[in-house]
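> Build me a model:
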Amino acid sequence: MLKIKDRALRLKRIRNQDGHFAYTMLAKTLPTFLFNHDVSVRNIIGKFLHDRGMQEVSFEKPADASIRQYRFELDNGHMDDKQLEEKLVKHYANAHGQVVFIMRHRECPHLEAGRLQKVFNISEKVFPSKPNKVLGACYTQFLKNGIAINRKGQAKI
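Down below sits the predicted model:
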């Protein structure tokens, strides 16, 4: 039997944040990543609007969604400290309103709190005099109670 490589179908092995492997065609992320991300953003918006009534929602970049003065960012842990700091400085240093980071881990929700604390530490360095500029919540907790806190632990939404 003759083995011939099929160059038309080149698959790349990639690892997701949860350590599982998948094969994809010339992509850097799992094909279902964007679908899962969009579903999670929809859930966050739904909870926010359910608790506060219907309001206009914008999906303009750089935020995943914007409602009034809040810029929602769903974070799944793929960025390191330097990238998070760059994102805060580049997109939100001169922007009006508040950034709400929602931390999500698909398989280990107990890891969300550590990641949230990391974002608060970075925000303290970037915005030392603005404790309410960056708000945050764990995804599972936000869907239960709809509360986002500032880096001092005070509920702000």
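
> where are the low-confidence patches of the chain?
The chain contains residues with pLDDT under 70 at 1-35.

> Tell me which stretches of it form strands.
Ranges of strands in the chain, per DSSP state E, are 12-15, 21-24, 57-58, 65-67, 70-75, 98-103, 134-138.

> Can I get these in TSV including mean neighbour count?
In this view, the C-beta of every residue, glycine as well, is placed from N, C-alpha and C. Formatted as TSV, these follow (neighbours: other C-beta atoms under 10 Å):
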stretch	mean neighbour count
strand 12-15	11
strand 21-24	13
strand 57-58	12
strand 65-67	19
strand 70-75	21
strand 98-103	24
strand 134-138	24
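
> I'd like the ones you listed written out as CSV, with distance to residue 151 added.
Formatted as CSV, the strands of the chain follow (distance: least, C-beta to C-beta, whole Å):
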stretch, distance to residue 151
strand 12-15, 31
strand 21-24, 35
strand 57-58, 25
strand 65-67, 21
strand 70-75, 15
strand 98-103, 11
strand 134-138, 7
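
> roughly how far is the top helix by length along the chain from the heart of the chain?
Counting by DSSP state H, the longest helix found in the chain is helix 33-52. How far helix 33-52 lies from its chain's middle: 11 Å, per C-alpha atoms, centre = their mean, to the nearest Å.

> With that, I have no additional questions.
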